[in-house]
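Novice: next comes the sequence, and after it the predicted model I'd like to discuss.
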Amino acid sequence: MATLTNPIRTQNIVDRFADYVTATADSGISWGTNALPFSEFNSANFGGTTSGRPIGISGGNIGSGVITASNIYNTLVTETAAYTSIRNLRAILFVDGGGGNTGSRPTPGVVFDQTAVAYMNSSYLQSVGSPANAGVASGNAASDENLESFFNNLRSSYNSTRSTTATIQVNVCHASCHSSCHGSRSRR
């Protein structure tokens, strides 16, 4: 866990931001490229593993020399938005054919319907809007209290998007496509 220093340095701001937003976003991810909801789910829907998204900025993104409030604000809002593809996913597996069903999915219909946090690909990014700046604004001296309040606002904005659920339904003809379809071809 980082602590804001005096004087405040750009990398220190980024490191402390990571304690708030990055740590929150990367916690509790159930599904990603390494952990699919079910075997028929397309891994291309995911943007990374259940380990989460590494921070995409450094102190240099905020600037060098004079640190301005607008650079801090804009850089951190943009970085927060980059985490919004880590969100709730409702994954549904629907068997729409009746023939050839064997094993654990013998009848047509919904056979899997669960919601969990997933690291989705960039097409699932959302807006975090314009979080309150908590005093991180032009004309104000940067303070650790203002920055910490701003980081809390960013985390709250992220959490609002995380709870927005995307739904993906995968339809399959029957439960054991490979053995039913391909196995019957060899008998022809």
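Specialist: Nice, I can see it.

Novice: for the spatially most central residue of the chain, list the residues it contacts.
Specialist: In the chain, the centroid-proximal residue (Cα atoms, centre = their mean) is residue 86; its distance is 1.0 Å. For residue 86, the contacting residues are 25-26, 29, 52-53, 117-120, 162, by Cβ atoms under 8 Å, 6 or more residues apart in numbering. For the C-beta atoms, the positions are set from N, CA and C on the backbone; glycine is no exception.

Novice: tabulate those (JSON lines), appending distance to residue 136, neighbour count and secondary structure.
Specialist: Listed next are these as JSON lines, based on distance: Cβ to Cβ, whole Å; neighbours: other Cβ atoms under 10 Å; DSSP: H, G, I helix; E, B strand; the rest coil:
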{"residue": "25", "distance to residue 136": "20", "neighbour count": "27", "secondary structure": "helix"}
{"residue": "26", "distance to residue 136": "24", "neighbour count": "20", "secondary structure": "coil"}
{"residue": "29", "distance to residue 136": "29", "neighbour count": "21", "secondary structure": "coil"}
{"residue": "52", "distance to residue 136": "25", "neighbour count": "20", "secondary structure": "coil"}
{"residue": "53", "distance to residue 136": "23", "neighbour count": "18", "secondary structure": "coil"}
{"residue": "117", "distance to residue 136": "28", "neighbour count": "21", "secondary structure": "strand"}
{"residue": "118", "distance to residue 136": "31", "neighbour count": "29", "secondary structure": "strand"}
{"residue": "119", "distance to residue 136": "28", "neighbour count": "28", "secondary structure": "strand"}
{"residue": "120", "distance to residue 136": "29", "neighbour count": "22", "secondary structure": "strand"}
{"residue": "162", "distance to residue 136": "23", "neighbour count": "19", "secondary structure": "helix"}
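
Novice: which of those sit farthest apart?
Specialist: 26 and 120 (13.7 Å; Cβ to Cβ).

Novice: thinking again about what came up before, closest one of the contacts of residue 86 to residue 65?
Specialist: Among the contacts of residue 86, and counting by Cβ to Cβ, the member closest to residue 65 is residue 53, at 28.9 Å.

Novice: list the contacts of that closest one.
Specialist: 22, 25-26, 47, 82-83, 86, 119.

Novice: and what of residue 40?
Specialist: Applying Cβ under 8 Å, 6+ apart, the residues near residue 40 are 93, 170, 172.
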